[in-house]
Every structure is written in structure tokens, then in C-alpha cells.
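Peer 1: got a structure for you, letters missing:
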């Protein structure tokens, strides 16, 4: 399966919605880097973002909200927050 900007943005979104743990996001990114086939037209951007996600579990890198916003922006997406009652 070809990994596109949308594929990566969906994974980041799932992490932000707490549908994936950081460890699961990192595992996905590591597997994508090792075995993934990136969309040829956007391979440089996609691989840079996925590589960054792959080291998010290292203390020196981490993954903040601002990091996610920046990565999504690089992919051509914008993060929006919606607050709803519990």
C-alpha cells in the first residue's frame, strides 16, 4: 500500500484523538520507514515527517502539540481543536 500525505496525517490525527498511543504511532512510523512505499511525488516530505514520528519516543525529541501542528502543516493539513461536553 502506498503511503500518502493523507495516510500520515490520519495517523497523527489518531494519535491526537488518543486512538493510538505514542508507542503505536512510533511503531507505525518505524514500519513505514522500513517497509513502506511512499507516494513518489511527495516522497521527500512524507519520509521526513515519518522519520520524525519514528523518533518521537526518544526523550530528546518527544512529540508536542506544536510538533504535530508543524508536521501536519508540512503535509498540507491544519489541526483544529473542538471542545465538547463530556
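Peer 2: Done, it's in. Every value quoted in this text rests on a predicted model; they were computed, and no experiment measured them. Numbering: from 1, shown residues only.

Peer 1: For the residue sitting nearest the centre point of the chain, give its distance to residue 85.
Peer 2: By Cα atoms, centre = their mean, the chain has its centre lying nearest to residue 12, at 3.9 Å. Distance of residue 12 to residue 85, given as Cβ to Cβ, to the nearest Å: 25 Å. Bear in mind the C-beta positions are built from the backbone N, C-alpha and C, glycine included.

Peer 1: cool, and residue 56?
Peer 2: Counting by Cβ to Cβ, the gap from residue 56 to residue 85 is 31 Å.

Peer 1: The two - which one has more neighbours?
Peer 2: Regarding residue 56 and residue 85, a neighbour count based on other Cβ atoms under 10 Å identifies residue 56 as having more, with 19 against 3.

Peer 1: how deep is residue 59 tucked in, by neighbour count?
Peer 2: There are 5 residues near residue 59, going by other Cβ under 10 Å.

Peer 1: quick one: which helix or strand includes it?
Peer 2: For residue 59, there is no host helix or strand (DSSP states H and E).

Peer 1: And it, how far from residue 75?
Peer 2: Using Cβ to Cβ, residue 59 is found at 25 Å from residue 75.

Peer 1: Over to residue 83?
Peer 2: Per Cβ to Cβ, residue 83 is found 24 Å from residue 75.

Peer 1: Which one of those two is surrounded by more residues?
Peer 2: More neighbours surround residue 75 than the other of residue 83 and residue 75, with 20 against 4 (other Cβ under 10 Å).

Peer 1: contacting residues for the more buried one?
Peer 2: Going by Cβ atoms under 8 Å, 6 or more residues apart in numbering, residue 75 touches 5, 8-9, 45-46, 49.

Peer 1: Quick check: nearest residue in space to it, chain neighbours excluded?
Peer 2: Distance criterion Cβ to Cβ, 6 or more residues apart in numbering; nearest residue to residue 75, sequence neighbours excluded, is residue 5 at 4.3 Å.

Peer 1: quick one: that neighbour and residue 44 touch, right?
Peer 2: No - look at residue 5 against residue 44 with Cβ atoms under 8 Å: they stay out of range, at 11.4 Å.
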